[in-house]
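Chemist: Have a look at this prediction, sequence included:
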Amino acid sequence: MTRTLIRDVRVFDGERTVPRADILIDGARITAPDGRPADTVVDGSGRTLLPGLIDAHTHVVDGSLAAALAHGVTTELDMFCVPGNLARQRRLAASRDDVADLRSAGMLATAPGGHPTQLLVDAGALGDAAGPIDAVTGPADAKRFTADRVAEGADYLKIVVDDGILHGGHFPTLAPATVAALVEAAHAQGLRAIAHAVTAREIAIALDAGVDGLAHVPADLPAGPELSALAARVAAARVFVVTTLVYFEAITAQAAAADHAKPSAATDAGHAARALHEAGVVLLAGTDANPYVPEHGIAMHRELLLLTGAGMSPDAALAAATSIPARVFGLTDRGRIAPGFRADLLLVDGDPTSDISTTKAIAGVWRGGVRLQP
Ligand SMILES: [Zn+2]
């Protein structure tokens, strides 16, 4: 097995920073240096070693996982993937070292005709990455739907609570009783339940149903008491939130480019992330990278910048992209730099714990101990 020593490097271990250390990669794992010679020595001076980034909200198609890894994202948590595409992406992630690893919700739970059906109507370019949605018809359908997801190997359940208001339309959406039945069915199968909910009203339905996490920050409330009260409720319920600020930034730019666009409350979701962070909510960095925008991999670096703009310290933003998503999703082998953990690593020039923009200055990426060849 190959032994690689990264010498004299600043280490952000997923939780805190050590100014200078030697880190040994032995095969696929991180181990403590033992004095025996390494096959390869990498000079870490002036550089920082981070756990490989974990993007907690993506949608994977052909090419996504390669783009992610090239930008230091070693694991993507997919939040909706149709079965044929999912099977292919899983095979890729399992058989190749030059693509990011993958976890997925598989098919999402939505009402007949509900979000994101409108996005898939004209999706010829997506090939088999688009396909018919297995809609949930009511509370009595929740067990059947969830069992089908377990059969297709879903790692968690994604539930859409979206009436279309934020998209400027009206979509059919799951009734609160159906959302609650889905959460109950997910928990009975040992799956976490994550809700796509983008307005305060939708988030209230998701919280009432007992979800474990939210796939976006709330996007319809200005800073103020109503947002603060919602943030306090999310914190009290110990529900985690995936931020996706770069997604809101991207759709706002698209809307502004359209003729009759008017700025929406989604213009800046940073204030929502700030309110949640100040309330003590567990935040996970995620981009909602999809086949269009934001782009897999590179968007994660923008997300980290936006999170610091929303009041998180660089260390807190980096934890939200490494150790925290690993802990929240039960990925016990990654997200940290410590002996025994998977050698999913990102080496950058400079010090992102003081200047977050240096995460983009990539000097090396390892997935399971294998260095990605540039
Ligand atoms: Zn999404």
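Modeler: Yes, it's here. Model, not experiment: these values are computed from the prediction.
Chemist: and residue 90, that's in a helix?
Modeler: Yes: counting by DSSP: H, G, I helix; E, B strand; the rest coil, one finds residue 90 located in a helix.
Chemist: which residues does residue 33 contact?
Modeler: Counting by C-beta atoms under 8 Å, 6 or more residues apart in numbering, residue 33 makes contact with 5, 22, 23, 24. Quick note: C-beta positions are derived from backbone N, CA and C, even for glycine.
Chemist: can you pick the most crowded of the residues you listed?
Modeler: residue 23 (25 neighbours; other C-beta atoms under 10 Å).
Chemist: so that residue touches residue 13, yeah?
Modeler: No: with contacts defined as C-beta atoms under 8 Å, residue 23 does not count as touching residue 13, sitting 9.4 Å away.
Chemist: Find residues that contact each of these two.
Modeler: Shared contacts of residue 23 and residue 13, defined by C-beta under 8 Å, 6+ apart, comprise residue 337.
Chemist: contacting residues for the residue of the chain found nearest the ion?
Modeler: Of all residues in the chain, residue 288 sits closest to the ion, at 4.3 Å by C-beta to the ion. Residue 288 is in contact with 57, 58, 59, 79, 215, 216, 244, 246, 247, 294, counting by C-beta under 8 Å, 6+ apart.
Chemist: can you put those in TSV and add neighbour count, pLDDT and distance to the ion?
Modeler: Shown next, in TSV, are these (neighbours: other C-beta atoms under 10 Å; pLDDT from 0 to 100; distance: C-beta to the ion, whole Å):
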residue	neighbour count	pLDDT	distance to the ion
57	28	98	6
58	31	98	8
59	24	96	6
79	27	97	5
215	30	98	6
216	28	98	8
244	34	97	7
246	26	97	12
247	26	94	7
294	23	91	11
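Chemist: among those, which are in strands?
Modeler: 57, 58 (DSSP state E).
Chemist: which residue ranges form the strands in the stretch 1-150 of the chain?
Modeler: Along the stretch 1-150 of the chain, the segments classed as strands by DSSP state E, counting those that start in this stretch run 3-12, 17-26, 29-31, 40-43, 47-51, 53-58, 73-78, 101-104.
Chemist: Point out the residues in the chain that sit beside the ion.
Modeler: Within the chain, the positions near the ion by C-beta under 5 Å from the ion are 79, 288.
Chemist: Centre-most residue in the chain?
Modeler: What sits nearest the mean C-alpha location of the chain, by C-alpha atoms, centre = their mean, is residue 56, with 1.2 Å.
Chemist: That one contacts residue 327, correct?
Modeler: No: look at residue 56 against residue 327 with C-beta under 8 Å: they stay out of range, at 11.5 Å.
Chemist: hmm, back to that, okay if I get the strands of the stretch 1-150 of the chain as TSV plus distance to residue 185?
Modeler: Shown next, in TSV, are the strands of the stretch 1-150 of the chain (distance: least, C-beta to C-beta, whole Å):
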stretch	distance to residue 185
strand 3-12	38
strand 17-26	41
strand 29-31	36
strand 40-43	48
strand 47-51	33
strand 53-58	22
strand 73-78	20
strand 101-104	18
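Chemist: Tell me which of these sits nearest to residue 168.
Modeler: Among the strands of the stretch 1-150 of the chain, strand 53-58 comes nearest to residue 168, with 21.9 Å by C-beta to C-beta.
Chemist: Could you tell me the angle between that closest one and strand 73-78?
Modeler: Computed by axes from the mean of the first three to the mean of the last three C-alpha atoms, to 10 degrees, the angle separating strand 53-58 from strand 73-78 equals 20 degrees.
Chemist: Give me the contact list for strand 53-58.
Modeler: Strand 53-58 is contacted by residues 64, 68, 71-79, 215-216, 242, 244, 247, 284-290, 296, 299-300, 321-322, 325-326, 328-329, 331, 334-335, 346, 359 when judged by C-beta under 8 Å, 6+ apart.
Chemist: how does it look with 6 Å?
Modeler: Residues outside strand 53-58 that contact it (C-beta atoms under 6 Å, 6 or more residues apart in numbering) are 72-73, 75-79, 215, 242, 244, 284, 286-289, 300, 321, 325.
Chemist: Stretch 194-208 now?
Modeler: Residues outside stretch 194-208 that contact it (C-beta under 6 Å, 6+ apart) are 156, 158-161, 166, 176, 179, 211, 213-216, 218-221, 230, 237.
Chemist: Please apply the same query to stretch 294-309.
Modeler: 53, 55, 64, 67-68, 70-71, 73, 245-247, 250, 270, 285, 287, 289, 314, 317, 356, 359-360.
Chemist: Am I right that residue 85 is in contact with residue 128?
Modeler: Yes: contact between residue 85 and residue 128 holds when scored by C-beta atoms under 6 Å: they sit 5.4 Å apart.
Chemist: Give me the more crowded residue out of these two.
Modeler: Between residue 85 and residue 128, counted using other C-beta under 10 Å, residue 85 has the larger neighbour count: 22 against 14.
Chemist: quick one: contacts for the more buried one?
Modeler: 128, 129.
Chemist: and if we set it to 10 Å?
Modeler: 59-62, 78, 104, 106, 126-131 (C-beta atoms under 10 Å, 6 or more residues apart in numbering).
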